[in-house]
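[1] Turn this into a model:
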Amino acid sequence: MTADLVILAIEDEPQLVRFLRASLAGHAIRLIDAPTGAAGLVEASTRVPDLILLDLGLPDMDGVEVCRRLREWTKIPILVLSARGQERDKIEALDAGADDYLTKPFGIGELLARIRVALRHSQRGPGASEPVIETGNLRIDLALRRVLRAGAEVHLTPNEFKLLAELVKNADRVVTQRQLLKAVWGPGSVDHTHYLRVFMANLRHKLEDLPARPRHLMTEAGVGYRFRTET
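    Now for the predicted structure:
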């Protein structure tokens, strides 16, 4: 990772902050922290960190609201830290502009991996996603709307391609069901989650070697889906 990386943790659990500070220090990451949403907003604007770790259960305001306020003025990557059993909050945070989430408790290895992914996406800049994605035996050309699996062309319906493209453009990041439904079928379809189940099953049968054990088209239970690349 880049030396002198600065991460802001908007987190009110002192034990977790101490764990993060000690764990990240060995990876050339300097942690600054804020125990409330209000303090976090101030730190974000004055320190301008490289990434923000955001707890949803803050004492003064909902973490989703903090995310919304941050997205009014900054594209700094936001990685949500969520307690178990808060699926609706996680979905709301992602819809509000968070880049990803981790469920507590989590391992430092997974946290570092999620940080790397979020930073890669932020460095590409808006609208700068790669037009061609190659991972495993898949080659996906977004510009030409062409998909190859092990060198053979795969026929996708228009909506299958739109769904795949939306996931690929956000590779290695969770995309909520609501975001996918809106992007592929329009705002009037955001409650039709059965569309996604059917179309994801079709995509897995066409693109995965073992559809029942996918390597790329991953389900984030109760939240959405993720296109996972092989690194």
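[2] any weak-confidence spans in the chain?
    For the chain, the stretches with pLDDT under 70 are 1-3, 84-85, 123-130, 231.
[3] Tell me how it divides into domains.
    For the chain, automatic domain parsing gives the domain ranges 5-124, 132-227.
[4] Mean neighbour count added to those domains, as JSON lines?
    All C-beta spots, glycine's among them, are computed from the backbone N, C-alpha and C. Output for the domains of the chain, formatted as JSON lines (neighbours: other C-beta atoms under 10 Å):
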{"stretch": "domain 5-124", "mean neighbour count": "18"}
{"stretch": "domain 132-227", "mean neighbour count": "16"}
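[5] now the residue of the chain positioned farthest from its centre: how far from residue 229?
    Going by C-alpha atoms, centre = their mean, the residue of the chain most distant from its centre is residue 152, 29.8 Å out. As defined by C-beta to C-beta, to the nearest Å, residue 152 lies at a distance of 20 Å from residue 229.
[6] go on, residue 174?
    Distance of residue 174 to residue 229, computed by C-beta to C-beta: 14 Å.
[7] try residue 103
    21 Å.
[8] Tell me the bridge partners for the residue farthest from the centre of the chain.
    Assessed by DSSP bridges, residue 152 has beta-bridge partners residue 149.
[9] Start the count at 42 instead of 1 going forward.
    Okay, using 42 as the starting number, the last item reads as residue 193.
[10] what about residue 202, distance to residue 149?
    Residue 202 is 38 Å from residue 149, by C-beta to C-beta.
[11] Pull the residues that contact the longest helix seen in the chain.
    Determined from DSSP state H, the single longest helix within the chain is helix 149-165. Residues from elsewhere that reach helix 149-165 (C-beta atoms under 8 Å, 6 or more residues apart in numbering): 42-43, 46, 48, 64-65, 68, 91-92, 116-118, 120, 140-141, 143, 171, 211, 213-214.
[12] rerun at 6 Å
    By C-beta atoms under 6 Å, 6 or more residues apart in numbering, the surrounding residues in contact with helix 149-165 are 64, 118, 120, 140, 141, 213.
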